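Asks: Below is the sequence, then the predicted model.
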Amino acid sequence: MIELTGVTKVYDQDKPTRVDAVRGVDLTIDDGRVTVLAGPSGSGKTTLLTVIGCLARPTTGRVAIDGDLVSGLPERFLTEVRRKTFGFVFQRFNLIRGLSALDNVMLPAYPTGIAHAALRDRALALLDHFGLADRSRAVVETLSGGESQRVAIARALINDPAVVIADEPTASLDGARVEQFLTIAAELKAQGKTVLITSHDPRITRAALVDRLVAMADGRIVEATS
Amino acid sequence: MRAAFERRRHLLDFAVASLLRRPAKNVGLIVVYALVVFLLASVMLFGTAVRREASAVLDAAPEIAAQAMTMGRHEMSTAGDVAALKGLRGVRRVEPRLWGYLWDSAGAANYTLKVPTAAEPGLTVAKGEAIVGEGVARARKVSPGKMLFLVSPAGKFLRTKVKAVLPSTTALVSTDLVLVEEGDFRAFFELPPDVWTDVALTVTNPREVTTIAEKASVKLPGHRFVTRADMIRTTEALFSWREGLALALLGGGLVAFAILAFDKASGLSAEERREIGILKAIGWETSDVILMKLWEGLLISLAAFLLGFAAAYAHVFLWSASLFEPVLKGWSTLYPRFPLTPEIDALELATLAVLTVVPYVAAIQVPIWRTATADPDVVMR
Amino acid sequence: MIFHPANLALVAASLLTASVIVAAAIFALRLVRHWDLASGAERQIRLERTTYLVSTAVAFVLVVEAVTLVLFAFTADRMAALFVGAMCAVGTLNASVYGFPTLWAKIAVFFAASVWLVIDHVDNRGRDYPLIRIKYLGILLLAPLILAEAGLQLAYFLDLKADTITSCCGRLFGEASTGTGGDMASMDPAHALILLFGGLAAIGLVGLAALRYRAAQVLHGPASLAMFLAALAAVVSVIAPYVYEQPHHHCPFCILKPEYHHFGFALYLPLFLGTGAGSAAGVLALLPQRASLATVSPAIERRLVHASLFGFALFGAIAAWAIARSGLTLFS
């Protein structure tokens, strides 16, 4: 369970370019459910996602994961929590060019010091699971959009996180691929993982799979179903 | 422990991969880096090789050389002086020597004319014969069996047949040498029969060299006594100084290189910046990125160091340091042409590494740190 | 000043480490004043980020110090040809009053920097930067030491003049000479051996006790340093003559040379490991105990004590081996 209390996030605090991206959010995200943060661009949903995912510290407010306060942690431990708890699927997939699909999937586990052979086996199993066994050696530039997304999902799962975070997952996908993404999301939910998605795509926000929809505007939560 | 090792290995793997992915970006840096190593290594390898040659030559020098002095100028030693030195206790052998310089207008160079002593049994010459140094042989285009003509400043003429050319292993000091028979030498320079250029002393116990030199100078106050240790010290100091000076001059280049390295490490492309952001977002920590980048720097250093050092090695030992021979050798017109004896010295390698790798790593630290502390959430913005 | 290439490299490296540590010290002052982990303000985030740079920089300084320590000893050896009476490093170091102090300062900096890095490593494992203030006060202690070392070394090289008449190891570590070197050399070999192996036994006991009692662990620090000095005395007095197989050659530097198969490295590396790890364990035991390190720190301290004991044991074994295989008999 992730609990946010009075979270704000300000960029460029003491500069004229100051942006108040999140202005006081209280939110609880339950385990094992699919939650969607919806809202137009600039509503602060992606910023909130970075705070929840421990990519950034809140300017004020508290973030607790399973009762442990993480908002005051030094970067080194925040990173450790992030690595163990969250898997990220970014909007533009953010795969590292020039490396193979397999290498990309293995990357998040490098700092853990896991033995190379074990890591390789795990990555290959994930790629195989997503139907990419024969593409594991392919350089990521040669992959299609759907393949890239599945590599990105495999990468998000390599450290076996409890929470999978997807930022605008359908922004660069066509209809059939959206279905495929929803299938994978359902599968993750079935495995007991928490899924957190930002989207303003009705194909996602209205999907039957979604347990909870949180609408944001102007850095605040304006509407939440439960 | 094992995990810490595996982490380092993974990060090294990634560093290798990312260097290979962007060969073009680092080629320029490696070339400049290797050039810096090449210059410094050439100076050092050459300096050491020359010092070693010189000390090899000095090993053959007499333990003490006695020279008569008049008004502070070098004077000929007489038979009386030789007899006085022979009376010294602790002196095993006293050898009067004959040598002198000759300006050869034909070759436009200075030669050292010398009579071989009994201590050099391999270099005996009969009347009318000569053994010449490699530089002389080259300048006068002579080889064993050919004739060599010399003209003294007084117009005396010496006609010799070249018996041998001195091996090039000791060329630095012997390149301008012409060895002739004693009678020929005296006739050529019009010397009376009982004077010598100087006197070489060999002592029984090498530890007593200084004491004997002191005793001898009491007995012959008009003489100057130079010990071999003095000469080794002088050449060592001279060549070290020249080498050090050359390195200090290259110091400016080193600073320029460090600035270039700093600049290169700071000026990351948008692509690389994005990559670091991704790595941090998916679970890499600042120190992981720093370590990975340091691996990169070390790999670049290793490549540049090996490249530069190999090139310097070839330059000095295969091409006789043709680039800056004149600066360091400071020789007369007759440059020695000889292969320097190759030798790699661990102390030199360490010095070279401290002079090149240390400034490079120092220069890239701040840029690396700046890159590594980038916010992980930029990839989401 | 002697313009030897290695001297230039050493001076350049020490100027570099000195400026790095001065910058780190200035930052340390700022950190000690403004550190506030609870704050999410940008200043705190900047401070926290800069600690990564300082850790990297001090690690860099340590590596450079280790390399230049060896380089310094070997350069001194190489320069012996320039001085009347010098036959190895001892003569060169003795050619100026700053020679030996520079060497001691370098050794001190090496140990101090390794202790700092150990504290840094421990502190980074605690979730609330439990030792950060102590650590950065430590930088303020380390900085003058490094500056002193750089100053001594510069003074040494500037003071060196070719043709200086100096005395070498035969004289300095000769039995008839006065001063520390002479005292060490003229020590009765039997006493030296008792000091060495008795000292090793004592440090072994202190180390074993340190694994159990905190007070013993505190003691292990100074005990390691004392052992370091005792070991050096034993090297000069008996081990070196055994290696050279000459009863009157006591030099602690010549054993590093190729003529003796670089045997000195095998002897000194374990000794430095034992002393460095031992002093780090001692210092850690002195630091206040923090909740966030309750599980981390004891494990690291145990490993340090183990490493220290291993280092000293290895040193003892290698020394014993050198004595056993030597053709020299000092005792009949």
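Replies: Looks like it came in fine.

Asks: residues in contact with residue 143?
Replies: Answering for chain A, as no chain was given. Taking Cβ atoms under 8 Å, 6 or more residues apart in numbering or on different chains, we find A:Leu143 in contact with A:95, A:101, A:135, A:151. Every residue, glycine included, has its C-beta placed from N, CA and C.

Asks: that's the wrong chain, I meant chain C
Replies: With contact taken as Cβ under 8 Å, 6+ apart, C:Ala143 is in contact with C:21-22, C:24-25, C:28.

Asks: can you give me phi and psi for the residue nearest the centre of chain A?
Replies: Central residue check for chain A by Cα atoms, centre = their mean: the C-alpha nearest the mean position is that of A:Ile165, 1.9 Å away. In terms of degrees, to the nearest 10, the main-chain angles of A:Ile165 are phi -110, psi 130.

Asks: same question, the one 5 residues further on
Replies: Note on A:Thr170: backbone dihedrals following degrees, to the nearest 10 are phi -100, psi 10.

Asks: roughly how far apart are it and A:Phe181?
Replies: Using Cβ to Cβ, to the nearest Å, one gets 6 Å for the distance from A:Thr170 to A:Phe181.

Asks: mind listing what's buried in stretch C:121-133?
Replies: For stretch C:121-133, a neighbour-count test (16 or more other Cβ atoms under 10 Å in any protein chain shown) marks C:122-132 as buried.

Asks: What does the pLDDT read for residue 149?
Replies: If you meant another chain, say so; for now it's chain A. A:Gln149 is assigned a pLDDT of 90 by the prediction.

Asks: Can you look at chain B instead?
Replies: At B:Phe149 the predicted local distance difference test score is 87.

Asks: Need the nearest residue in space to residue 97, chain neighbours excluded.
Replies: No chain in the question, so chain A it is. Distances taken as Cβ to Cβ, 6 or more residues apart in numbering or on different chains put A:Glu141 closest to A:Arg97, at 5.6 Å, once the chain neighbours are dropped.

Asks: wait, I meant chain C there
Replies: Leaving aside its sequence neighbours, C:Val97 is closest to C:Asp159 (7.3 Å, by Cβ to Cβ, 6+ apart).

Asks: gap between B:Ser105 and B:Val180?
Replies: 19 Å.

Asks: the more surrounded of the two?
Replies: More crowded of B:Ser105 and B:Val180, by other Cβ atoms under 10 Å in any protein chain shown: B:Val180, with 26 against 8.

Asks: list the contacts for the more buried one?
Replies: When contacts are counted by Cβ under 8 Å, 6+ apart, B:Val180 is found next to B:113-115, B:125, B:129-130, B:158, B:160, B:188.

Asks: Please enumerate the helices of the chain.
Replies: Went with chain A since none was named. Using DSSP state H, the helices assigned to chain A run over residues A:45-52, A:75-85, A:101-106, A:116-129, A:145-157, A:175-190, A:202-205.

Asks: wrong one, I was asking about chain C
Replies: Taking DSSP H as the criterion, chain C carries its helices at C:5-34, C:42-78, C:89-94, C:99-123, C:132-159, C:169-172, C:180-186, C:189-210, C:214-234, C:240-244, C:263-286, C:296-325.

Asks: Ok, which of these comes nearest B:Ala353?
Replies: helix C:42-78 (7.5 Å; Cβ to Cβ).

Asks: on contacts alone, who are the packing partners of that closest one?
Replies: Of the remaining helices and strands, those touching helix C:42-78 by 3 or more Cβ pairs under 8 Å, 6 or more residues apart in numbering or on different chains; DSSP states H and E are helix B:286-313, helix B:346-372, helix C:5-34, helix C:89-94, helix C:99-123, helix C:132-159.

Asks: could you flag which of the contacts of A:Leu143 are buried?
Replies: With burial judged by 16+ other Cβ under 10 Å, the buried subset of these is A:95, A:101, A:135, A:151.

Asks: List just the nearest of those residues to chain B.
Replies: Distance ranking of these against chain B, using Cβ to the nearest Cβ, places A:Leu95 first at 8.0 Å.

Asks: Quick one: residues contacting the residue nearest to the centre of chain A.
Replies: With the criterion set at Cβ under 8 Å, 6+ apart, A:Ile165 makes contact with A:49, A:52-53, A:86-89, A:156, A:196-197.

Asks: Could I get those in TSV, plus columns for distance to chain B and pLDDT?
Replies: As requested, these are exported to TSV (distance: Cβ to the nearest Cβ, whole Å; pLDDT from 0 to 100):
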residue	distance to chain B	pLDDT
A:Leu49	7	91
A:Ile52	11	93
A:Gly53	8	91
A:Phe86	8	94
A:Gly87	8	93
A:Phe88	6	92
A:Val89	10	92
A:Ala156	8	94
A:Leu196	13	94
A:Ile197	13	93
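
Asks: just to revisit the earlier point, which one, of the helices of chain A, ends up nearest to chain C?
Replies: Using Cβ to the nearest Cβ as the criterion, the shortest distance between chain C and the helices of chain A is 5.2 Å, found for helix A:75-85.

Asks: Does chain C have contacts with that closest one?
Replies: Yes - with Cβ under 8 Å from any Cβ of the partner chain as the measure, helix A:75-85 is seen reaching chain C through A:75-77.

Asks: And that helix, what's buried?
Replies: By 16+ other Cβ under 10 Å, the buried positions in helix A:75-85 come out as A:75-83, A:85.

Asks: near chain B too, which of those residues?
Replies: Contacts with chain B within the buried residues of helix A:75-85, counted by Cβ under 8 Å from any Cβ: A:75-76, A:79-80, A:82-83.

Asks: So, low pLDDT: which residues of the stretch 201-332 of chain C?
Replies: Across the stretch 201-332 of chain C, residues meeting the criterion (pLDDT under 70) sit at C:332.

Asks: What of chain B?
Replies: B:1, B:107, B:119-121, B:168-173, B:321, B:324-341, B:381.

Asks: all helices of it, in order?
Replies: With DSSP H as the definition, chain B shows helices at residue ranges B:2-21, B:23-59, B:79-86, B:134-140, B:171-174, B:182-189, B:209-219, B:228-266, B:270-281, B:286-313, B:325-329, B:346-372.

Asks: Which two among the contacts of A:Leu143 are spaced furthest apart?
Replies: By the measure Cβ to Cβ, the contacts of A:Leu143 have their two most distant members at A:Leu95 and A:Arg135, which lie 12.2 Å apart.

Asks: intersection of neighbour lists for these two?
Replies: In the contact map built from Cβ under 8 Å, 6+ apart, the residues linked to both A:Leu95 and A:Arg135 are A:101, A:143.

Asks: circling back: turn the buried ones among the contacts of A:Leu143 into JSON lines, columns for distance to chain B.
Replies: JSON lines is the format used below for the buried ones among the contacts of A:Leu143 (distance: Cβ to the nearest Cβ, whole Å):
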{"residue": "A:Leu95", "distance to chain B": "8"}
{"residue": "A:Ala101", "distance to chain B": "14"}
{"residue": "A:Arg135", "distance to chain B": "18"}
{"residue": "A:Val151", "distance to chain B": "12"}
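
Asks: Between these, which sits nearest B:Lys293?
Replies: In terms of Cβ to Cβ, no member of the buried ones among the contacts of A:Leu143 lies closer to B:Lys293 than A:Leu95, at 20.4 Å.

Asks: Could you list the low-pLDDT ranges of chain A?
Replies: A:226.

Asks: who touches C:Gly207 in this structure?
Replies: With contact set as Cβ under 8 Å, 6+ apart, C:Gly207 has these partners: C:220, C:278, C:305, C:308-309, C:312.

Asks: Can you verify my assumption that A:Val178 contacts A:Ala171?
Replies: No - the criterion here is Cβ atoms under 8 Å, and A:Val178 misses it with A:Ala171 at 10.3 Å.

Asks: can you list the residues of the stretch 1-150 of chain C near chain A?
Replies: Contact residues (Cβ under 8 Å from any Cβ) of the stretch 1-150 of chain C with chain A: C:37-38, C:40-42, C:45, C:48-49, C:124, C:127-129.

Asks: Thanks again, I'm all set now.
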